[in-house]
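S.K.: Here is a sequence together with a model predicted from it:
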Amino acid sequence: LQIHTVAAGGGSICRLDGTRLRVGPESAGAVPGPAAYRGGGPLTVTDCNVMLGRLRPEYFPRIFGEHGDLPLDAGGVAARFAELAEAVLAATDEATGAAELALGFLRIAVDNMANAVRKISVQRGYDVSGYTLTSFGGAGGQHACLVADALNMSAVFVHPQAGVLSAYGIGLADVRVIRPMAVEARLEESTVERLAADYSRLAAIAHGEVLDQGVPADRIRIEQRLAVKYEGTDSPLELTLDSVAAMRAGFERQYRAGFGFLMPGRALVIESITVEAIGAAGHGTEAAHSFAERRGALTPLAVHPIYCDGGWREAPFYERDELRPGDGIDGPAVIREANATTVVEPGWRATLTPLNHLILRREQPREHGREP
């Protein structure tokens, strides 16, 4: 996988550096957190979405403040943006409303995220316009349509566990315990025979640690490897434990492929050995989701104003659990759930699949130069 990270999450700090708006790379983290968390934190991307009406206090648990019993502080966020708007006016002689300022920060964050995707795709020769953007993380769905628009993509996939997808993935991952041991001895039959006891000892330790993590013994396998190098060099190659002849041949194949030459007559040295115990995780096969019967048509929780297309527009807010396969929601709209919030931007449509996945598609061509 080509992986590139960028500091543009919900906790990324929004500030004026004297002449221009900046987002990140500094983060407010969970403590003190965004200004809306009532912990004395700075304005962040999350606060921008609060200011723009996309995140509303009534749809969040009351877990903020000194005693953990208060809602998100939307009023405090609005006051902080009003103060920042005055600072922008003083520094640039340009009058900017609080909502416009929050939207400006949001555009910067979206550009940062889109540029991160371009770095591992467009800059490597891939045309992503025909791809589907996968959104995850608690704040991912708040920006997915905007990031897709910035990349000229027309589809977004939102998993039902998108808000906690990293934890969900870790839960499906294999459990691995690695136990290495330094050797520094020549690759010879006598050395391999002498190391057999060490392999057994390390395997028992690693196997026991995986077993202690609740993995059944019949799902644990052991892999034995060793790092081999030419004597007098510091470029070891990893080989699977085998006969000496097979390991010599494997080393030469790898070395020639990597360096383009061999060193005939130079002895091979075992730098270290490694034993890895791998506990196979359960297979995360997705079956058709079971939906409770819903009486009547889909209705929103409420309708609230959100700032988009350069102004305030009325947008319905829906509960994800109330959606059923085939339900379609046209933007602007907001879909809330326990671990995430998805914003359906104007011109986009959200549809639920039988697997409880949300598919967002752009239904109307994006107007050139149109602002989010």
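M.R.: Structure received. Residues are numbered from 1 along each chain as shown.

S.K.: And the strands in the stretch 1-150 of the chain, which stretches?
M.R.: Listed in chain order, the strands of the stretch 1-150 of the chain (DSSP state E, counting those that start in this stretch) span 12-16, 21-27, 133-135.

S.K.: Just list what the shortest one packs against, helices and strands only.
M.R.: Okay, so that is strand 133-135. Judged by 3 or more C-beta pairs under 8 Å, 6 or more residues apart in numbering; DSSP states H and E, the packing partners of strand 133-135 are helix 140-150, strand 155-158. In short, each C-beta sits where N, CA and C put it, glycine included.

S.K.: Would you mind pulling up the elements that the first one packs against?
M.R.: Using 3+ C-beta pairs under 8 Å, 6+ apart as the contact criterion, the secondary-structure elements in contact with helix 140-150 are helix 98-119, strand 133-135, strand 155-158, strand 341-344, strand 358-362.

S.K.: Contacts for the fourth one, please.
M.R.: Right, strand 341-344. For strand 341-344, contacts defined as C-beta atoms under 8 Å, 6 or more residues apart in numbering pick out 49, 54-55, 59, 135, 138-139, 141-145, 158, 306, 320, 329-336, 350, 358, 360.

S.K.: Would you mind checking those residues for buried ones?
M.R.: Among those, those buried by neighbour count (16 or more other C-beta atoms under 10 Å) are 49, 54-55, 59, 135, 138-139, 141-145, 158, 306, 320, 329, 331-336, 350, 358, 360.

S.K.: circling back: can you say which of the strands of the stretch 1-150 of the chain is packed in most?
M.R.: Counting by mean count of other C-beta atoms under 10 Å, strand 12-16 has the highest mean neighbour count of those, with a mean of 22.

S.K.: what angle do that strand and strand 21-27 make?
M.R.: Relative orientation of strand 12-16 versus strand 21-27 (axes from the mean of the first three to the mean of the last three C-alpha atoms, to 10 degrees): 140 degrees.

S.K.: Run through who's touching strand 12-16.
M.R.: Residues from elsewhere that reach strand 12-16, judged by C-beta under 8 Å, 6+ apart: 21-28, 42-45, 47-48, 84, 87-88, 91, 105, 109.

S.K.: What angle do helix 98-119 and that strand make with each other?
M.R.: Using the same axes, to 10 degrees, one finds that strand 12-16 and helix 98-119 are set 120 degrees apart in direction.

S.K.: can you start the count at 34 instead of 1 from here on
M.R.: All set: I'll call the first residue 34, so the last point we hit is now strand 45-49.

S.K.: and strand 45-49, C-alpha only, in CSV?
M.R.: Coordinates of each C-alpha in strand 45-49 appear next as CSV, following Å, rounded to 0.1, in the frame of the first residue of the first chain:
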residue,chain,number,x,y,z
SER,A,45,-6.2,20.3,13.4
ILE,A,46,-5.8,23.8,14.8
CYS,A,47,-7.2,26.7,12.7
ARG,A,48,-5.4,30.0,13.1
LEU,A,49,-4.3,33.3,11.5
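
S.K.: As TSV, the helices and strands packed on strand 166-168 with distance to Gln246 would be great.
M.R.: Putting those into TSV (distance: least, C-beta to C-beta, whole Å) gives the following:
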stretch	distance to Gln246
helix 173-183	30
strand 188-191	31
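
S.K.: how about these, which one is nearest Ile306?
M.R.: With C-beta to C-beta, the closest approach to Ile306 among those belongs to helix 173-183: 42.2 Å.

S.K.: can you give me the mean pLDDT across the closest one?
M.R.: On average, the pLDDT along helix 173-183 is 92.

S.K.: Which residues does it contact?
M.R.: Helix 173-183 is contacted from outside by 43, 82, 87-88, 139-140, 142-144, 146-147, 150, 166, 168, 187-189, 191, 195-196, 364, 368, 373-378, 381, 393, 395, 399, 405, using C-beta under 8 Å, 6+ apart.

S.K.: so what does the helix ranked longest in the chain touch, helix or strand wise?
M.R.: Among all segments of the chain classified by DSSP state H, the helix with the greatest residue count is helix 222-245. For helix 222-245, the helices and strands in contact under the criterion 3+ C-beta pairs under 8 Å, 6+ apart are strand 208-219, strand 253-263, strand 301-312.

S.K.: Need the winner for burial among those.
M.R.: Comparing these by mean neighbour count (mean count of other C-beta under 10 Å), strand 301-312 ranks first with a mean of 20.

S.K.: Name every sheet partner of that strand and say whether each one runs parallel or antiparallel.
M.R.: strand 208-219 (antiparallel), strand 253-263 (antiparallel) (DSSP bridges).
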